[in-house]
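>>> okay, here's the prediction I keep looking at, along with the sequence it came from:
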Amino acid sequence: MRLLIVDDSLVVRDAIQRSVDNGTISQVLRAGDGEEAVSIFARERPELVTMDLTLPRLNGLEAIRRIRETEPRTSILVISALNSHRTAMEALALGACGFLTKPFTAREISEALDQLAQHAAGQSQW
Amino acid sequence: MVAYRWPYMATDFFLPSLTPQSTLAELPTWDVRLPVTARGDAFDEVLRRQPDLPGVVVFDPTGVRGAISRARFHQVISRPFGGEIVRPRAIGALLGEFSSGDLMILDVNMPVQEALRESLARDKSMIYEPVLISANGGKDVRLVGFTDLLRADSRISSLRNQQMQEILATVQEGFLLVDHDYRIAWEYSRSVETILGRSNLAGGSLTELLRDLLGAEAAQLAHKYLEALFNPNVIEKLVVDINPLKSVKVPEHQGRSRQHLGFAFRRSFEGREIRRILVRVEDRTREVELAAELEEQERQAGQRVDLAMEMMQADADSLTDYLTRFLVEVSQISRLRSQPAGGSTRATVDAIFRILHSLKGEAGVIGLRSFAQRLHRAEDVAASLRDSGVGQGSLERLDPWIESLRGLGVEARDLIVRLSAMVSNKVTAEVTSRPADIVPALEALIAGLSTRLGKAARFVARWNPEDLPVAYGSVVRESLIQLTRNAMVHGVETEQDRRQSGKPVPAVLQFALRRHEPEGQLEILFQDDGRGLDLDRIRGRARELFGSEDLDDEEAAQIIFEPGFSTAAKSSEDAGRGVGLDLVRDRVESLGGMVLVHSEPGVFCAFQIVLPLEPEGRS
């Protein structure tokens, strides 16, 4: 499976990438803003996406909407600070599978990515 | 030849011992068998003698050959000439006729409810047929009637129901179930009613209940969260963190006091389908209160430790002097607060403000950061009162701060008493009263400010402590503290700025004290080699603050002594309140002295304080 990491912070992108289990995830793609995320997604169609919500150019919610429009089976995990429950609920309504709150530990992110990958594997079986 | 075997009595007699886990082994079964050679009229006879008997098992020397039910037997003999055909013949020959389909054989260890489900899954024509139960690996076969199975199942269901009710009534936890329509199912625990203060919840809408309790916003969020939980695309474990009702405040309502509630949500599946959401409700009021209390206790304990550390490191004499003055001044603030000076609230606030400011300055010098911080916050309140054009009533806002400061002072004094009790036996003899040792205090202040402001400076003192009249100890000390802070914040440039303008690093602050016996004067000089007074900037601020126009250089320099004047844009713990220099001037003038300022832009700024050698009122 392939994973697209979307976050405007290089540090966070690196932190997420370090927690990736190479056994399940064969390739990692990265994007620093919403526009870039949508265009990389359209080209590469990865099965998994981690998405920050506050992003330059195109915000995370809109990026989720467009990605799910392109490919409704994509498993998207929001990784963001929980600034408002309203936004978090909206992300789920738009098709995110889960929400990991910043700040996170390496263990949390790695467990969450496992769950996301399992979920995606289950989806492709249907 | 009829073989009856125990038990075959009325079924209800056995049922009370059933449990939800009961298996077929616990049911009353019929062990009535006939050999294949028995005639049809023998069968008829058995059925007549046992009206409840559902059927018989038919066997031959090799084992069980099949079974014939009462219903099927009657069906066959009621056909035209049925009786004539069946009664005289051996039933073995007619077995195919009697058992029209496969008989259901179930293991004796199968739970009753599962057995009923299996027997209901049979072909419609077979549904009322008895069920064969095999034990001992098929060697032993008995019959159980379909109606007995139904009766046992109903008994077990009602037992389950009763157990559920008992659990729901006694469990301390509050839980309820909601379906896709967010309706509350009947099986919710009674504790929910106690926790929420509502009853008869079954069938009601959870969303509406939450709206009523928590308001529209929280109810809407909860609704969306439930929606997400019912959505199979959402991973349950990965949304636990964003549960909007993890800890929520319930405002006072209908005579109930304020509460903190915690809601947790779990999916409940039927097969792979998310059928309902289990909602756990907790009253977290006590927990939240305890957490707040604990936090407050920890905060206070932390502050007490800080305070003790600061006091241990402070100079003992300065500390006791300061604490005495602190408590006196705080009482003075209380007096001012209750009897506004000259009826003007503004004047009262100004006076309180200056006391706070002066106390804060000294606290910084002695190294009592706990005091300095709390005084700074009190100052904030006083400043906002001053700036917002205070009304009489608003002085009340100072009260908690006055109390808090008094508490701090008392606490510090108690600490001293306790600390000195611990060491009194050893060191009392060593504590001697020294002349007001101002220089180390100022050096400490400069060192602290240097680090915080990123400005390097050294202090040079030219004086003989004995030249300072004891009566002036406090005023000189206070004035030098204010002047030092003023110089460090406004006068001295950053290291980088100094290097760029070719000035030496560190900057130099100088203090000199001289007695002029013939003139009967004491002269104190305080000078920094910083950027000097920026008269244009001062004029600009004077225009903003006081509307003063066209000040000449002399007048502009004097403006810095006005209460409320500061060129700093933001107030900090260090400076910027526009209190300080006015305080110095007031104290000096009240002793019959004067303060002069000299400055050359970019080169220096010097303050000259002149006091009568003999303090006024004493001569």
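Sure thing, it's come through.

>>> which phi and psi does B:L509 have?
Backbone dihedrals for B:L509, given as degrees, to the nearest 10, come out at phi -110, psi 130.

>>> need the pLDDT of B:P615.
Here the pLDDT value assigned to B:P615 is 67.

>>> could you pull out the helices for chain A?
Secondary structure of chain A (DSSP state H): helices located at A:10-18, A:34-44, A:60-70, A:85-93, A:106-125.

>>> ah, wrong one, I meant the stretch 451-600 of chain B
Secondary structure of the stretch 451-600 of chain B (DSSP state H, counting those that start in this stretch): helices at B:473-486, B:495-500, B:535-546, B:553-559, B:581-590.

>>> tell me the angle the first one makes with helix B:581-590.
Direction vectors for helix B:473-486 and helix B:581-590, defined by axes from the mean of the first three to the mean of the last three Cα atoms, to 10 degrees, enclose an angle of 150 degrees.

>>> ok, the residue in chain B that chain A sits nearest to - contacts?
Nearest to chain A, among the residues of chain B, is B:L238, at 2.4 Å (Cβ to the nearest Cβ). All C-beta atoms are positioned from the backbone trio N, CA, C, and that covers glycine. By Cβ atoms under 8 Å, 6 or more residues apart in numbering or on different chains, the residues touching B:L238 are A:L77, A:C97, A:G98, A:F99, A:L100, A:A112, A:Q115, A:L116.

>>> could those go into TSV alongside pLDDT?
What follows is these, written out as TSV (pLDDT from 0 to 100):
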residue	pLDDT
A:L77	96
A:C97	94
A:G98	94
A:F99	94
A:L100	92
A:A112	93
A:Q115	91
A:L116	93
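
>>> out of those, flag the one nearest to chain B.
A:G98 (2.4 Å).

>>> separation between the residue of chain B closest to chain A and A:T87?
16 Å (Cβ to Cβ, to the nearest Å).

>>> now do B:S384
34 Å.

>>> neighbour count for those two, which is higher?
It is A:T87, of B:S384 and A:T87, that has more neighbours when counted by other Cβ atoms under 10 Å in any protein chain shown, with 18 against 13.

>>> just for the chain, where's the confidence low?
You didn't pick a chain, so chain A it is. A:123-126 (pLDDT under 70).

>>> correction: the question concerned chain B.
In chain B, residues with pLDDT under 70: B:1-16, B:98-102, B:254, B:340-343, B:388-394, B:420-437, B:564, B:566-579, B:615-619.

>>> contacting residues around the most centrally placed residue in chain A?
With distances taken as Cα atoms, centre = their mean, A:T50 lies nearest the centre of chain A, 1.4 Å away. Contact analysis of A:T50 by Cβ under 8 Å, 6+ apart lists A:3-7, A:16, A:76-79, A:100, A:113, A:116.

>>> mind redoing it with 10 Å?
A:T50 is in contact with A:3-7, A:12-13, A:16-17, A:20, A:28, A:75-80, A:98, A:100, A:109, A:112-113, A:116, counting by Cβ atoms under 10 Å, 6 or more residues apart in numbering or on different chains.

>>> show the buried residues in those residues.
A:3-7, A:12-13, A:16, A:20, A:28, A:75-80, A:98, A:100, A:109, A:112-113, A:116 (16 or more other Cβ atoms under 10 Å in any protein chain shown).

>>> thinking again about what came up before, the nearest residue in space to the residue of chain B closest to chain A that is not next to it in sequence pairs with what?
Excluding the flanking residues, the one nearest B:L238 by Cβ to Cβ, 6 or more residues apart in numbering or on different chains is A:G98, at 2.4 Å. Beta-bridge partners for A:G98, by DSSP bridges, are A:L77.

>>> repeat that for B:S69.
As for beta bridges, B:S69 partners with B:G55 under DSSP bridges.

>>> follow-up on the earlier one: so which of the helices of chain A comes closest to chain B?
Evaluated with Cβ to the nearest Cβ, the helices of chain A place helix A:85-93 nearest to chain B, the distance being 3.8 Å.

>>> which of the residues in stretch A:100-109 are buried?
Residues A:L100, A:K102, A:F104, A:I109 are the ones in stretch A:100-109 that count as buried (16+ other Cβ under 10 Å).

>>> so which of those reach chain B?
Applying Cβ under 10 Å from any Cβ of the partner chain, the subset of these adjacent to chain B comprises A:L100, A:F104.

>>> just the ones of the buried residues of stretch A:100-109 in strands?
Using DSSP state E, the subset of those located in strands is A:L100.

>>> pick out the most distant pair among the buried residues of stretch A:100-109.
Farthest-apart pair in these is A:K102 and A:I109; separation 9.9 Å (Cβ to Cβ).

>>> quick check: neighbours shared by the two?
A:V12, A:A15, A:I79.

>>> wait, the second one sits on A:A106?
In this case it means A:A15. Yes - A:A15 is within contact range of A:A106, at 7.2 Å (criterion: Cβ atoms under 10 Å).
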